[in-house]
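Chemist: Prediction below, plus the sequence it came from.
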Amino acid sequence: MSTSQTAAPPSEVGVVVDDVARSFGAVHAVRSVSFEAFPGQVTGLVGPNGSGKTTLLLMLATLLVPDRGTIRIGDYDPVAQSRAVRGLLGWMPDVLGSWSALSVRASLELTGRLYGLSRAAASIRAEELIALADLAPLANQATKVLSRGQKQRLSLARALVHDPRVLLLDEPASGLDPGARIALRVLLKRLAAEGRTIIVSSHVLAELDELADRAVFLEAGSSVSEDRVEAAKRTERGWRIRALDASGLYRELIASGIDAASIVREPQGFVVPLAGEDRAAELLAALVKAGVPVSSFAPSVGDLEHTFLDLNPGEAAR
Ligand SMILES: Nc1ncnc2c1ncn2[C@@H]1O[C@H](COP(=O)(O)OP(=O)(O)OP(=O)(O)O)[C@@H](O)[C@H]1O
């Protein structure tokens, strides 16, 4: 995003989290989290309810002090150098706390002033962000009348007011309609491509699959090791296969050694469990070689969802 504040090429600011923990009394919200988020990338934070995502983001955002471990935002420590860190990062909480009587425009102008912009610069920046977040028809409305999705857009605009190098977004897509979700995805990819470090927590895994360059999985307050994530990716998952000749497809699936009891029949094809991409490629080659007119062959769930469900088997039943 080009802004009135960025004349020089922006510097790169990554995030490093090492063995961070935080408890609330007897509740160990974050037990041991380590990960790195890189400039130019979107890093997804994935985990079931209560796994510690928001607590972790609050620590990154300088709003909670860790009990243990270290966090670096670029060269800075959010505990000892919170002012410098706040200048570098934009924070979009899961619920917008806004000055409810102020208009959208006034609340963006005020945020700009709080970040040290002059009155004139804050006014120009507010107009840029109103256009960016598609809030023009609502610019003079009090923020209290905004719908949940409109509040999300204002919250993102507010997080961008000082053109931060790092963006922390807690469930940014919640409440957005499909068009606004696509617009958010396009915007976040663009902001990352411009060299920002973006960390996003989300429950909408299909969406994170399309947005995130990499993911950090949390489980009961701890980050899951890369080895376990890799192992989970390779476990068996359903592949949806369609062909112009369904009975020919079924015959060849059986001939290729797929257990008939494991095949799920759907109106337009079958879902077949396969372990890993190698096995999928082998089966597809066999079907094509046997002359089956395959029209579609793809995993029935996205990569993140598959890994998440494998790491959290209980979640599939919910
Ligand atoms: N201020 C607090 N006081 C006491 N317990 C808290 C506090 N904040 C969070 N917790 C607890 O810490 C744990 C982690 O909560 P957190 O909100 O970080 O999880 P989450 O992964 O963001 O969850 P969700 O996906 O539901 O938003 C939960 O058990 C929660 O109840």
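Modeler: Thanks, I have the structure now. Residues are numbered from 1 along each chain as shown.
Chemist: so residue 209 sits right up against residue 308, yeah?
Modeler: No. If you go by Cβ atoms under 8 Å, residue 209 and residue 308 don't touch, sitting 10.3 Å apart. C-betas here are computed from N, CA, C, even on glycine.
Chemist: Between the two, which is the more surrounded one?
Modeler: Neighbour count, other Cβ atoms under 10 Å: between residue 209 and residue 308, residue 308 has more, with 25 against 17.
Chemist: any residues touching the helix or strand hosting the more buried one, and which ones?
Modeler: Element membership of residue 308, judged by DSSP states H and E, is helix 303-311. By Cβ atoms under 8 Å, 6 or more residues apart in numbering, the list of residues contacting helix 303-311 from outside reads 44, 46, 205-206, 208-209, 212, 215, 217, 219, 224, 228-229, 232-233, 235, 237, 299, 301, 315-316.
Chemist: mind redoing it with 6 Å?
Modeler: 46, 205, 208-209, 215, 217, 224, 232-233, 235, 237, 316 (Cβ atoms under 6 Å, 6 or more residues apart in numbering).
Chemist: What subset of the residues you listed is buried?
Modeler: 46, 205, 208-209, 215, 217, 224, 232, 237 (16 or more other Cβ atoms under 10 Å).
Chemist: of those, closest to residue 193?
Modeler: Distances from residue 193 to those, taken as Cβ to Cβ, are shortest for residue 208 (17.2 Å).
Chemist: The closest one against residue 44, yeah?
Modeler: Yes. If you go by Cβ atoms under 6 Å, residue 208 and residue 44 touch, sitting 4.3 Å apart.
Chemist: From the chain's centroid, how far away is the longest helix along the chain?
Modeler: Determined from DSSP state H, the single longest helix within the chain is helix 178-193. Distance of helix 178-193 from the chain centroid (Cα atoms, centre = their mean, to the nearest Å) equals 11 Å.
Chemist: Average pLDDT for whichever helix or strand comes after that helix, rounded please.
Modeler: Going down the chain from helix 178-193, the next helix or strand is strand 197-201, by DSSP H and E. The pLDDT scores in strand 197-201 average 96.
Chemist: do the same with stretch 131-150
Modeler: 90.
Chemist: Would you mark the buried spots in that stretch?
Modeler: For stretch 131-150, the neighbour count (16+ other Cβ under 10 Å) marks 132-133, 135, 138, 142-143, 146, 149-150 as buried.
Chemist: what does stretch 86-93 give?
Modeler: For stretch 86-93, by 16+ other Cβ under 10 Å, it's 86, 88-93.
Chemist: who's in contact with that stretch?
Modeler: 13, 61-62, 73, 155-156, 159-160, 164-170, 172.
Chemist: quick one: low-confidence parts of the stretch 201-318 of the chain?
Modeler: Of all residues in the stretch 201-318 of the chain, those with pLDDT under 70 make up the ranges 314-318.
Chemist: Ok, the stretch 1-150 of the chain next?
Modeler: 1-10, 96, 98.
Chemist: repeat that with 90
Modeler: Confidence mapping of the stretch 1-150 of the chain against pLDDT under 90 gives the ranges 1-12, 47-49, 93-101, 134, 143-150.
Chemist: For it, just list every one of the strands.
Modeler: Remark: strands assigned in the stretch 1-150 of the chain by DSSP state E, counting those that start in this stretch are 15-24, 27-37, 42-46, 68-73, 89-92.
Chemist: Also the stretch 201-318 of the chain?
Modeler: Using DSSP E, counting those that start in this stretch, the strands of the stretch 201-318 of the chain run over 214-219, 222-223, 236-243, 264-266, 269-275, 294-299.
Chemist: was I right about residue 130 contacting residue 139?
Modeler: Yes. Shown here, residue 130 and residue 139 form a contact pair, counting by Cβ under 6 Å, at 5.1 Å.
Chemist: Beta-bridge partners for the residue lying closest to residue 246 once chain neighbours are set aside, please?
Modeler: Spatial nearest neighbour of residue 246, chain neighbours left out: residue 269 (6.6 Å); criterion: Cβ to Cβ, 6 or more residues apart in numbering. Beta-bridge pairing for residue 269 (DSSP bridges): residue 266.
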